[in-house]
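Peer 1: Test case, fold it:
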Amino acid sequence: MTAPDASPAPDLAEQSADPATLRRSVAAGAVGVFVHWFDWAAYAYLASTIASVFFPAGNSTAGLLAVFGVFAVSFGIRPVGALIFGPLGDKIGRKRTLSVVIFVMSGATLVIGLLPGYSTIGIAAPVLLVLLRLLQGLAAGGEFGSAASFLAEYAPRRRRGFGVSWLEVGSLLGFLAGSFVFLLLSIGLTNAQLASWGWRVPFLIAAPLGIIGFVIRGKIEDTPEYRALEATDNVPRSPVRELFRHNKKQLLQAAGLMTMMHVPFYAVLTYLVTYETDYLGHSSGSAAALSTVISLVGLVLVPFFGRLSDRVGRRPVLIGAGAALFVFAVPAYLLMRTGLVGTWIGGLALGAILAAILGTYAVWSAEIFPTRTRQSGLSIAYNITAALFAGTVPYLMTVLISATGSTLVPGPYLMAAAAVGLVAAFSMRETAGTPLLHKEDLGNTEA
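Peer 2: Here you go, the predicted model:
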């Protein structure tokens, strides 16, 4: 069998889609991550309120830790979703798995928005919340791998970085929408109104958005690369076995890049709101405003860095971003301790570094896998690292700051994540502009 890093095969699926089809493919790939991260952002921003609704009154720190614990548990189930939907996408196509996961995610989100609180149904409230978050996490385990494979395989070869970057534009739009809704709720409602019914609004909004995404995904064709596998009778029967037999190196490399993405993503775009209000003494409105501005900056910078990686390569962009994160992580949190202006400077700088990582990591990860195992590899790498290093960020930071008394704890943690990503990046070859059909895609490698 040809080694995974060998020269790629001729691109039998070279893009010929018209601009309208490409626009629909971008919408189909990005809409699910928008819904997913809108829900996740709403949960993170409303953590304190949700703690008061679903857990017994008393120790506020214990309630907050319980909510963040549910947040982490929902990430813990994501590798199971990856093992279900990743191989499924390699066997039956990207389009079908995209449709299934958005249907399950939006349905669970709707039920959370309708769920009674602890004062109404007692212990059943947190139990049901956990079960629904587990269902969301299971579906989310299939979202990234399906969407990243879909966008990479639809994007024109020379603009693939730009095309795949729209996956993270969808993520940022979800966070932006979540922070904007939270900002409106925090300004327009009293704390009593927010706890009574206001917290339900974001979850109820997400449901019709999911229906729209389901319809969009149902109307698009599967990718040219996957159809090329079907046409040559090379769809894998056991993609996970093939992945671990032939693509272990790529799996570890992708996991390294994703670790460097996950930690700052959750530290900057979810946990920073709680960090500002609980440890820096800023108002919730100010914290939400900074999160909104960081997301807006990211919307501009992520596709810029994706396009830059098409021109100069994935390696210089991602290695530069990783080095910047390693060097600036601790100074950023030192700046935040100086006051509101320092918080904004530190937060925006970390947001810009994160944007460079977001614009590049997904396309580089997609390009190193052959088409036969791409969705499995992306799903497993993304969700195992998410379970270990993403969903645990709020909980771990809360525990470590409480134990050490130091608000600088997030800085060294970001440095460690950057180091892991840099090790992976330095081990990887440049892939910008290369075909996505590798030589091993042209013949059955399962024997």
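Peer 1: just the helices in the stretch 1-150 of the chain please.
Peer 2: When secondary structure is read from DSSP state H, counting those that start in this stretch, the stretch 1-150 of the chain shows helices at 19-45, 47-54, 60-76, 78-92, 94-114, 118-121, 124-154.
Peer 1: got it, and the stretch 301-447 of the chain?
Peer 2: Using DSSP H, counting those that start in this stretch, helices in the stretch 301-447 of the chain cover 314-336, 340-358, 361-368, 374-389, 393-404, 410-426.
Peer 1: Tell me which of the helices of the stretch 1-150 of the chain sits nearest to residue 179.
Peer 2: Each of those has some distance to residue 179 by Cβ to Cβ; the shortest is helix 19-45, at 6.3 Å. Quick note: C-beta positions are derived from backbone N, CA and C, even for glycine.
Peer 1: shaky segments in the stretch 1-150 of the chain?
Peer 2: 1-18, 21, 58-65, 68, 71-72 (pLDDT under 70).
Peer 1: returning to what we had before: would you tell me which of the helices of the stretch 301-447 of the chain gets closest to residue 31?
Peer 2: With Cβ to Cβ as the criterion, residue 31 lies closest to helix 361-368 of the helices of the stretch 301-447 of the chain, at 16.0 Å.
Peer 1: quick one on the thing from earlier: ok, which of the helices of the stretch 301-447 of the chain comes nearest residue 131?
Peer 2: helix 374-389 (17.6 Å).
Peer 1: average pLDDT for that closest one?
Peer 2: What helix 374-389 shows for mean pLDDT is 93.
Peer 1: the inter-axis angle of that helix versus helix 361-368?
Peer 2: Counting by axes from the mean of the first three to the mean of the last three Cα atoms, to 10 degrees, helix 374-389 points 140 degrees away from the direction of helix 361-368.
Peer 1: since we're on the residue nearest to residue 269 when sequence neighbours are not counted, how many residues are nearby?
Peer 2: Once flanking residues are discounted, residue 269 sits nearest to residue 175: 5.2 Å by Cβ to Cβ, 6 or more residues apart in numbering. By the other Cβ atoms under 10 Å criterion, the neighbourhood of residue 175 contains 28 residues.
Peer 1: ok, residue 175 touching residue 296?
Peer 2: No - using Cβ atoms under 8 Å, residue 175 is not in contact with residue 296, being 10.3 Å away.
Peer 1: hmm, back to that, identify whichever of the helices of the stretch 1-150 of the chain lies nearest to residue 237.
Peer 2: Closest among the helices of the stretch 1-150 of the chain, using Cβ to Cβ: helix 78-92, at 7.3 Å.
Peer 1: between the closest one and helix 94-114, what angle do the directions make?
Peer 2: 150 degrees.
Peer 1: For helix 78-92, list every residue counted as buried.
Peer 2: 78-79, 81-91 (16 or more other Cβ atoms under 10 Å).
Peer 1: Adding distance to residue 236 as columns, could you present those in JSON lines?
Peer 2: Formatted as JSON lines, those follow (distance: Cβ to Cβ, whole Å):
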{"residue": "78", "distance to residue 236": "22"}
{"residue": "79", "distance to residue 236": "20"}
{"residue": "81", "distance to residue 236": "19"}
{"residue": "82", "distance to residue 236": "16"}
{"residue": "83", "distance to residue 236": "15"}
{"residue": "84", "distance to residue 236": "16"}
{"residue": "85", "distance to residue 236": "15"}
{"residue": "86", "distance to residue 236": "12"}
{"residue": "87", "distance to residue 236": "8"}
{"residue": "88", "distance to residue 236": "11"}
{"residue": "89", "distance to residue 236": "11"}
{"residue": "90", "distance to residue 236": "6"}
{"residue": "91", "distance to residue 236": "7"}
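Peer 1: Name the helix or strand for the residue nearest to residue 269, please.
Peer 2: helix 160-188 (DSSP states H and E).
Peer 1: Which is the succeeding secondary structure element to that helix?
Peer 2: Helix 160-188 is succeeded, C-terminally, by helix 191-193 (DSSP H and E).
Peer 1: Run through the residues that contact residue 377.
Peer 2: Contacts for residue 377 (Cβ atoms under 8 Å, 6 or more residues apart in numbering) come out as 86, 145, 243, 247, 250-251, 254, 365, 369.
Peer 1: What of residue 91?
Peer 2: Residue 91 touches 235-237, 239, counting by Cβ under 8 Å, 6+ apart.
Peer 1: do the same with residue 173
Peer 2: So residue 173 contacts 30, 34, 295, 299 (Cβ under 8 Å, 6+ apart).
Peer 1: thinking the second one is in contact with residue 210, fair?
Peer 2: In other words, residue 34. No - in this structure, residue 34 is not within contact of residue 210 by Cβ under 8 Å, at 9.7 Å.
Peer 1: so what's residue 390 closest to, chain neighbours aside?
Peer 2: Using Cβ to Cβ, 6+ apart, the nearest residue to residue 390 is residue 262, at 3.9 Å.
Peer 1: Do me a favour and average the pLDDT over the helix or strand harbouring the one you found.
Peer 2: If you go by DSSP H and E, residue 262 is part of helix 248-266. Helix 248-266 shows a mean pLDDT of 96.
Peer 1: my read: residue 31 touches residue 216, true?
Peer 2: Yes - the criterion here is Cβ under 8 Å, and residue 31 meets it with residue 216 at 5.7 Å.
Peer 1: which one of the two has more residues nearby?
Peer 2: Neighbour count, other Cβ under 10 Å: between residue 31 and residue 216, residue 31 has more, with 24 against 20.
Peer 1: wait, what's in contact with the more buried one?
Peer 2: 102, 170, 209, 212-213, 216-217.
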